[in-house]
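Colleague: Need the 3D shape of this:
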Amino acid sequence: MIPRFMASAITACLLAGGLALPARAATPAAATEEVGAQAGAPAAPGPQPSAQITGPSLTFEQAVQHALAQNPQVLAAREAVVAAQQGVAVARAGFLPTVAATGTGAVGTSSAASFSSTGTAAPIPFGTSGSVSLSASLPLFDGGRTPAAVASGEAALAQAEGALRQTQQDTALAVATAFFNVLASERLTTVREAQLAQAQQQLALSQAQVRAGVAAQADVIQAQATVSQDQVNLLQARSQIATSKAGLQAAIGADAAAPVEVQEPPAPPLTIPVTADAVMQAAVANRPEVAKAEAAVRSGQAALDVARINAGPQVTVAAGTAYTPLSTSPLLSNATTYGLTATIALPLYSVGTQAGVDQAQANLRNAQAQLDAARVFVRQDAYQSYLAAVQDAETITATQAARAAADAALAVAEGQYRAGVGTIVAVVTAQANAAQAEVNAVTAVYTYQTGLATLRHAQGMPVAGGGSQ
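Modeller: From the prediction side, this is the model:
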């Protein structure tokens with residue numbers, strides 16, 4: 001089960017690096033478009049590990065479908081379903097007839113003696129003997145063992161199918177988290193580029209102010225320190241792109257070092273189209289964890305039925321026939337036999353069988369408790385995911401307002417410095433605040449996207465909004 005906090009992990013990762021660009025947008029969609037438009041800003045010196053990598057460009061839906069088709073965990077879960085299907089076929093074979101061909105042969109003498117008409121005994125001479133026969137049997141009744149075995153096999157199949165669905169959904173959510181992590185890392189890199197360009201402009205302004213005699217050399221030193229730190233931040237942001245893409249490829253089940261590019265999905269509306277009650281009801285109805293727990297209860301009931309059968313009278317009834325077309329004995333050639341066979345066994349004393357019943361009852365009660373726990377868990381997870389998605393949507397609006405306020409404060413600080421009435425410390429502080437506000441605004445967009453995917457996962461719905469998982 002992938003926990004809900006994975007969405008916030010993106011924010012923590014991004015905020016660890018720091019600051020942002022000055023240009024701003026009014027909406028989440030415009031924010032992502034505007035950030036992408038800043039790609040031409042000056043870059044920091046040094047290696048650029050992943051920004052220049054090109055490869056197949058994936059949409060969100062394509063990334064999920066690739067993962068469902070090739071992720072090893074999904075493939076393993078599919079094979080477990082195939083094995084469970086064959087288990088059901090094996091159990092149902094108890095209802096079916098069996099046909100066999102049997103051949104026997106012997107070479108040698110017999111230890112028995114034969115008597116001639118004269119009354120003298122003589123051993124049976126050395127020779128060969130043999131026969132060929134065909135037989136068929138049809139079980140008519142086995143005390144309920146076969147129906148119980150079929151019920152157990154079908155429950156095991158339902159558990160395997162539930163495990164497959166859970167693996168598919170968890171894999172899709174991991175892809176969603178990694179996909180939006182890549183987008184966030186790329187946009188943050190663009191933010192860092194713009195931040196560096198802004199710091200370089202501030203450095204040039206400080207140098208001009210010193211030459212004009214209206215600022216101290218300390219202002220230049222402060223501006224140079226800011227440029228150096230912004231260069232480091234940009235290098236870290238570019239490195240994070242490579243790390244994020246490797247994580248996406250791992251979630252898909254591809255080579256972590258293979259190049260990949262992702263496409264920006266349309267911006268979703270900032271409203272959650274479901275209520276909390278509807279989300280929790282959908283979770284109980286659709287989550288594979290609940291389906292697996294329900295199948296475990298059915299499996300426990302079948303195991304209890306088998307234990308009770310083993311503890312009681314053993315009754316079997318079968319019809320059979322045999323035909324011997326060829327035999328060294330003329331009495332057996334072309335012979336046909338048929339009949340009805342019944343067997344009854346009554347256990348008189350067996351401590352183990354009653355213990356088996358008690359064990360099966362305890363296992364059944366455990367499965368029922370696990371089912372109750374699964375229902376409680378999915379309701380709680382769905383409710384928390386709903387609350388988080390609502391908060392993520394509100395955070396976008398809040399970070400947009402905070403970014404606008406930080407921009408205004410930065411404009412004032414820069415204007416005062418140009419006029420010779422402000423300090424470089426005030427400018428640097430305002431730049432840092434504005435940059436952090438931009439980071440928060442950009443991060444909020446992709447945290448919300450991840451939160452919506454998590455909400456769909458919590459309801460047992462396709463994470464990609466239309467896939468087959």
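Colleague: next one: stretch 348-368 to chain centre, how far?
Modeller: 35 Å (CA atoms, centre = their mean, to the nearest Å).
Colleague: And the contacts of it?
Modeller: Identification of contacts with stretch 348-368 by CB atoms under 8 Å, 6 or more residues apart in numbering yields 293, 296-297, 299-301, 303-304, 306-308, 310-311, 347. In this view, the C-beta of every residue, glycine as well, is placed from N, C-alpha and C.
Colleague: Which ones among those map onto helices?
Modeller: Secondary structure defined by DSSP state H assigns 293, 296-297, 299-301, 303-304, 306-308, 310-311 of these to helices.
Colleague: can you put the residues you listed in a markdown table and add pLDDT and distance to Thr189?
Modeller: Below are the ones in helices among the contacts of stretch 348-368 laid out as a markdown table (pLDDT from 0 to 100; distance: CB to CB, whole Å):
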| residue | pLDDT | distance to Thr189 |
| --- | --- | --- |
| Ala293 | 96 | 44 |
| Ala296 | 95 | 47 |
| Val297 | 96 | 51 |
| Ser299 | 93 | 51 |
| Gly300 | 94 | 54 |
| Gln301 | 93 | 57 |
| Ala303 | 91 | 57 |
| Leu304 | 91 | 60 |
| Val306 | 86 | 61 |
| Ala307 | 87 | 63 |
| Arg308 | 87 | 66 |
| Asn310 | 82 | 67 |
| Ala311 | 80 | 69 |
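Colleague: before we move on, the earlier item: neighbour count and distance to Thr177 for the contacts of stretch 348-368 - can I get that in CSV?
Modeller: Conversion of the contacts of stretch 348-368 to CSV gives the following (neighbours: other CB atoms under 10 Å; distance: CB to CB, whole Å):
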residue, neighbour count, distance to Thr177
Ala293, 23, 26
Ala296, 23, 29
Val297, 18, 32
Ser299, 21, 33
Gly300, 23, 35
Gln301, 19, 38
Ala303, 21, 39
Leu304, 20, 42
Val306, 20, 43
Ala307, 22, 45
Arg308, 16, 48
Asn310, 18, 49
Ala311, 17, 51
Pro347, 13, 57
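Colleague: Report the buried residues of stretch 221-234.
Modeller: Neighbour-count burial for stretch 221-234 flags Gln222, Ala223, Thr226, Val227, Gln229, Asp230, Gln231, Asn233, Leu234 (criterion: 16 or more other CB atoms under 10 Å).
Colleague: Same question for stretch 271-289.
Modeller: For stretch 271-289, burial by neighbour count (16+ other CB under 10 Å) applies to Ile272, Val274, Val279, Met280, Ala282, Ala283, Val284, Asn286, Arg287, Pro288, Glu289.
Colleague: Can you name the residues that contact the fourth one?
Modeller: Looking back up the chat, that one is Met280. With contact set as CB under 8 Å, 6+ apart, Met280 has these partners: Arg379, Ala382, Tyr383.
Colleague: What count of nearby residues applies to the second one?
Modeller: Counted by other CB atoms under 10 Å, the residues lying close to Ala382 total 28.
Colleague: you'd agree it is in a helix?
Modeller: Yes: the assignment for Ala382 (DSSP: H, G, I helix; E, B strand; the rest coil) places it in a helix.
Colleague: The nearest residue to it once chain neighbours are set aside and Ala302, how far apart?
Modeller: Here the nearest residue to Ala382 in space, its sequence neighbours aside, is Ala283; by CB to CB, 6 or more residues apart in numbering that works out to 3.7 Å. Computed with CB to CB, to the nearest Å, the distance linking Ala283 and Ala302 is 27 Å.
Colleague: cool, and Ala360?
Modeller: Look at Ala360 and Ala302: by CB to CB, they are 9 Å apart.
Colleague: go on, Ala285?
Modeller: Taking CB to CB as the measure, Ala285 falls 24 Å from Ala302.
Colleague: again, but for Val425
Modeller: Counting by CB to CB, the gap from Val425 to Ala302 is 75 Å.
Colleague: Tell me which of those two has more neighbours.
Modeller: Counted by other CB under 10 Å, Val425 and Ala302 do not tie: Ala302 has more neighbours, with 23 against 13.
Colleague: Tell me if I'm right that the more buried one and Ala151 touch.
Modeller: Yes: under the contact definition of CB atoms under 8 Å, Ala302 touches Ala151, with a separation of 4.0 Å.
Colleague: Identify the contacts common to Ala360 and Ala302.
Modeller: With CB under 8 Å, 6+ apart applied, the contact sets of Ala360 and Ala302 do not overlap.
Colleague: Now Thr275: phi and psi?
Modeller: With angles defined as degrees, to the nearest 10, Thr275 shows backbone torsions of phi -90, psi 170.
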